[in-house]
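turn this into a structure:
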Amino acid sequence: MEFDLSDEQAMLQDSVHRFLLDAGGLERTRAFMAKGETRAVDLADGLAQLGVTGLLIGEEHGGSGLSLLDAALVAEVMGRHVAPTAFIGTAVMAPLAIQRGGSRAQRDQWLPRLATGKVVAGVAVSEFTGGREGASVVRRNGRLTGRALFPVDFEADVYVVADRDGGLGLVAANAPGLTRTRLITIDVTRPTGELTFDNVEAEPLEAASPGLIRNLIDAGRVMYAADTLGAAQEMLDRSVAYATERKQFGRPIGSFQAVKHMCAEMAAALEPCRALVWYAGYALDTLPDEASLTACHAKAHLSEVGTMVARTATEVHGGMGFTDLVGLHYWFKRIGFNRQMLGGPQRVREEAAALALAS
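Numbering: from 1, shown residues only. As a prediction, the model looks like this:
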């Protein structure tokens, strides 16, 4: 069986890649940090014009109606460029929640706005990905009370919020009683924080269920795995380029056996990950019985491989690897952030073990 990308999928990745390069690449990310921006509006608008925000949304609502594998391919490019813009929550998890759990009126109201990028949607599902003590969201009489930590795409206009009973509700960012507190994390490209609800009105997604929340988490985990894949691949490519240019004792450092081994180990560990991520994205749409398990495998394995590549790539660059001039720390921190979002490797492997035993 041959499993490869179609010409259309390759063109999709290339289009997003070229746009992010033209938008400034790493320098755009540096500017995002230096200016203290919460949203990169130019990137968001450009990606919306490319159709990225409407990838998963049906054509009847102004989207492209593509697959979750296509979304994973875009996530890979976003990680490669450490793009400081919302994607996983607003273009993947939120559209899935509304399409599968919302009423017809809710789909008609929200999906066209998400597809055109007019609305940024965050997703808070910490209830089901390892919520901390005292951080819980309870729904009573259509209103939410409690705390949700680390929502995906924190700087949003509306949030899809999971409650303790397995329901989902839509909450406007300016809803009375909602307090948003930005938290400091290692990754400046992805603002995140805490949502505190004090009897906040939430519009329920009536068809929501714990099973739907599971689908959202699976999709989010595959997207984070794909993002890590892209970030790690970029760190490897930069390491190889540096090793062929940097000279010591009159010869490129890439000619030294130790450096060769470091680059070879990164490449050998990373190459199988691409097939794993692609298969996990494919399973989300076409193999529902395997989707959760493959999502867990992809998230956990990429978290570990990404961490190894980030560390080794920094070592290949020597003392320069820690400087802002080279900029490796952007990818290093992105990989570290991805590792913990929606469950760290240990928790995700525990879930995988439980799923394997249950099957």
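
okay, CA-based contacts and neighbour counts for the rest of this
Fine.

pretty sure Tyr330 contacts Val82?
Yes - shown here, Tyr330 and Val82 form a contact pair, counting by CA atoms under 8 Å, at 6.9 Å.

who has more neighbours out of these two?
The neighbour comparison of Tyr330 against Val82 (other CA atoms under 10 Å) goes to Val82, with 28 against 22.

indicate each strand paired with the helix or strand of the chain with the lowest mean pLDDT and its parallel or antiparallel sense.
Every helix and strand of the chain was ranked by mean pLDDT, DSSP states H and E. The lowest is strand 247-248, at a mean of 80. Here strand 247-248 has these sheet partners by DSSP bridges: strand 251-252 (antiparallel).

residues near Ile57, how many?
26.

the spatially closest residue to it that is not a sequence neighbour in helix, strand or coil?
Spatial nearest neighbour of Ile57, excluding adjacent residues (CA to CA, 6 or more residues apart in numbering): Gly63 at 4.5 Å. The three-state label given to Gly63 by DSSP: H, G, I helix; E, B strand; the rest coil is coil.

got a list of what Asn215 touches?
Residues counted as contacts of Asn215 (CA atoms under 8 Å, 6 or more residues apart in numbering) are Ser292.

and with 10 Å instead?
Contacts for Asn215 (CA atoms under 10 Å, 6 or more residues apart in numbering) come out as Met93, Leu96, Ala97, Arg100, Ser209, Arg221, Leu284, Pro288, Ala291, Ser292, Ala295.

in this structure Ala291 contacts Tyr279, no?
Yes - between Ala291 and Tyr279 there is a contact under CA atoms under 10 Å: 9.3 Å.

any residues in contact with both of those two?
Val222.

out of the two, which sits in the busier spot?
When Ala291 and Tyr279 are compared for neighbours, Ala291 comes out ahead with 22 against 19, by other CA under 10 Å.

list just the nearest of the contacts of Asn215 to Thr314.
Arg221 (25.4 Å; CA to CA).

from Leu68, how far out is that closest one?
Between Arg221 and Leu68 the computed distance is 12 Å (CA to CA, to the nearest Å).

right, and Val188 touches Arg334 too?
Yes - contact criterion CA under 10 Å: Val188 and Arg334 qualify, at 8.4 Å.

could you pull out the helices for the stretch 251-359 of the chain?
Secondary structure of the stretch 251-359 of the chain (DSSP state H, counting those that start in this stretch): helices located at 257-286, 288-316, 328-340, 345-358.

how about those helices in TSV, adding distance to Arg113 and mean pLDDT?
Shown next, in TSV, are the helices of the stretch 251-359 of the chain (distance: least, CA to CA, whole Å; pLDDT from 0 to 100):
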stretch	distance to Arg113	mean pLDDT
helix 257-286	23	95
helix 288-316	28	97
helix 328-340	27	96
helix 345-358	33	94
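
which of these sits closest to Ala34?
Closest to Ala34 of the helices of the stretch 251-359 of the chain is helix 328-340 (CA to CA; 13.0 Å).

just checking, what packs against the lengthiest strand in the chain?
Identified as the longest strand of the chain according to DSSP state E is strand 192-201. Counting contacts by 3 or more CA pairs under 10 Å, 6 or more residues apart in numbering; DSSP states H and E, strand 192-201 is packed against strand 121-124, strand 137-140, strand 143-149, strand 168-172, strand 178-183.

can you list the strands that it pairs with?
According to DSSP bridges, strand 192-201 forms sheet pairs with strand 143-149 (antiparallel), strand 178-183 (antiparallel).

how is this protein carved up into domains?
Residue ranges for the domains of the chain, per automatic domain parsing: 7-115, 121-204, 211-358.

and for the residue nearest to Ile186 when sequence neighbours are not counted, the neighbour number?
Setting aside the residues directly before and after it, Ile186 is nearest to Lys333 in space (CA to CA, 6+ apart), at 5.8 Å. Taking other CA under 10 Å as the criterion, the count of residues near Lys333 is 20.

ok, now the one 10 residues further on?
Gly343: 22 surrounding residues under other CA under 10 Å.

show the pLDDT at it.
Per-residue confidence (pLDDT) for Gly343: 93.

do I have it right that it meets Arg221?
Yes - when contacts are counted by CA under 10 Å, Gly343 is listed as touching Arg221 (8.4 Å).

overlap of the contact sets of these two?
The overlap between the contact sets of Gly343 and Arg221 (CA under 10 Å, 6+ apart) consists of Cys296, Lys299, Ala300.

show me what contacts the residue nearest to Ile57?
When contacts are counted by CA under 10 Å, 6+ apart, Gly63 touches 51-57, 111-116.

are any of those residues buried, and if so which?
By neighbour count, with 16 or more other CA atoms under 10 Å, the contacts of Gly63 hold 51-57, 111-116 as buried.

now, those residues that are in helices?
Secondary structure from DSSP state H places Leu111, Pro112, Arg113, Leu114, Ala115 of the buried ones among the contacts of Gly63 in helices.

and those as TSV, adding pLDDT and distance to Thr196?
TSV is the format used below for those (pLDDT from 0 to 100; distance: CA to CA, whole Å):
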residue	pLDDT	distance to Thr196
Leu111	97	26
Pro112	97	28
Arg113	97	25
Leu114	97	24
Ala115	96	28
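
next, format those as JSON lines and append distance to Phe249.
What follows is these, written out as JSON lines (distance: CA to CA, whole Å):
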{"residue": "Leu111", "distance to Phe249": "60"}
{"residue": "Pro112", "distance to Phe249": "60"}
{"residue": "Arg113", "distance to Phe249": "59"}
{"residue": "Leu114", "distance to Phe249": "56"}
{"residue": "Ala115", "distance to Phe249": "55"}
